[in-house]
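*Asks:* Sharing a model that was predicted from the sequence below.
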Amino acid sequence: MRIAFSTEDKNGLDSRISHHFGRCPSYILVDLDGEEVKAVQSIANPFFAQHQPGMVPEFIHNHDVKVMVSGGMGRRAIEFFAQYGIDVATGANGTVQASLDAYLNGALSGAQPCRESVEHEHGHHEHHHDHNHD
């Protein structure tokens, strides 16, 4: 699985996370086998100076990325990523390594474990609601 991180520099796992997924100079791509890091590469953001909505998600998608980790992201951007089947995890800060650890622990908002617990919670409420109608 390949995860992309929006970063301020190209320093591998020690790169600093950028707070904005589109206006960052570079991305670090981390290839995982389970939770083991297999490869790390950095790519320049060709849209750093100026980007239209949807350009960065398409660019990330073209690099076969499954998860986009960033400090923050707007709703439209999240929708663009969703169209490409890319999961989004926001709330990242510090280094790529720290953010990767947080993602794998389910500590970033939007990360898979969070979404599952939200759905579980929702299903629970629905069930409870039906019970009240009986």
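*Replies:* Structure received.

*Asks:* can you confirm I28 is in a strand?
*Replies:* Yes: under DSSP: H, G, I helix; E, B strand; the rest coil, I28 falls within a strand.

*Asks:* Can you list the low-confidence ranges for this structure?
*Replies:* 51, 111-134 (pLDDT under 70).

*Asks:* Can you show me the helices along it?
*Replies:* Taking DSSP state H as the criterion, the chain carries its helices at 55-61, 75-83, 96-104, 112-133.

*Asks:* Could you give the number of residues near T95?
*Replies:* Applying other Cβ atoms under 10 Å, we find 19 residues neighbouring T95. C-beta coordinates here come from the backbone N, C-alpha and C atoms, glycine included.

*Asks:* How about it: what's its closest non-neighbour residue?
*Replies:* In this structure, T95 finds its nearest non-sequential neighbour in D14, 5.4 Å apart by Cβ to Cβ, 6 or more residues apart in numbering.

*Asks:* check contacts around F5.
*Replies:* By Cβ atoms under 8 Å, 6 or more residues apart in numbering, the contact list for F5 reads 15, 17, 27-30, 69-70, 92, 96, 99-100.

*Asks:* Also G85?
*Replies:* K66.

*Asks:* Now do the phi/psi pair for it.
*Replies:* The phi/psi pair for G85 (degrees, to the nearest 10) reads phi 70, psi 20.

*Asks:* just H63 next, same as before
*Replies:* With angles defined as degrees, to the nearest 10, H63 sits at phi -100, psi 20.

*Asks:* which residues touch the residue nearest to F21 when sequence neighbours are not counted?
*Replies:* Excluding its sequence neighbours, the residue lying closest to F21 (Cβ to Cβ, 6+ apart) is S70, at 3.8 Å. Residues counted as contacts of S70 (Cβ under 8 Å, 6+ apart) are 5-6, 17-21, 24, 88-90, 92.
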